[in-house]
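*Asks:* heads up, no residue letters with this:
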């Protein structure tokens, strides 16, 4: 049985499409998702019900059918700066 390392301890969808991601390490990331909402893949997040459905299994963040990996979240944060 493979072991999966968990990276994310919690995820909270904040107002104005800011995603708060708390990491197991104690770090916290505030990721502005507004620039991504016009991309086909992320359009469902514009629906408040979908946006507020954010959850994590420790590796992925999932909003209904939209999924982001830990690595992708970090990559998006790096591009923003």
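*Replies:* Sure, I can see it. For clarity, every value in this text was computed on a predicted model and none was experimentally measured.

*Asks:* what ranges do the strands span in this structure?
*Replies:* Per DSSP state E, the chain carries strands over the ranges 8-14, 18-23, 28-32, 55-56, 60-63, 66-69.

*Asks:* what lines up beside the fifth one in the sheet?
*Replies:* The reference is to strand 60-63. strand 55-56 (antiparallel), strand 66-69 (antiparallel) (DSSP bridges).

*Asks:* tabulate these (CSV), appending mean pLDDT and distance to residue 22.
*Replies:* Backbone N, C-alpha and C define where each C-beta goes, glycine included. Shown next, in CSV, are these (pLDDT from 0 to 100; distance: least, CB to CB, whole Å):
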stretch, mean pLDDT, distance to residue 22
strand 55-56, 98, 9
strand 66-69, 96, 15
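
*Asks:* so can I have CSV of those strands showing distance to residue 43 and mean neighbour count?
*Replies:* Below are those laid out as CSV (distance: least, CB to CB, whole Å; neighbours: other CB atoms under 10 Å):
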stretch, distance to residue 43, mean neighbour count
strand 55-56, 19, 16
strand 66-69, 9, 16
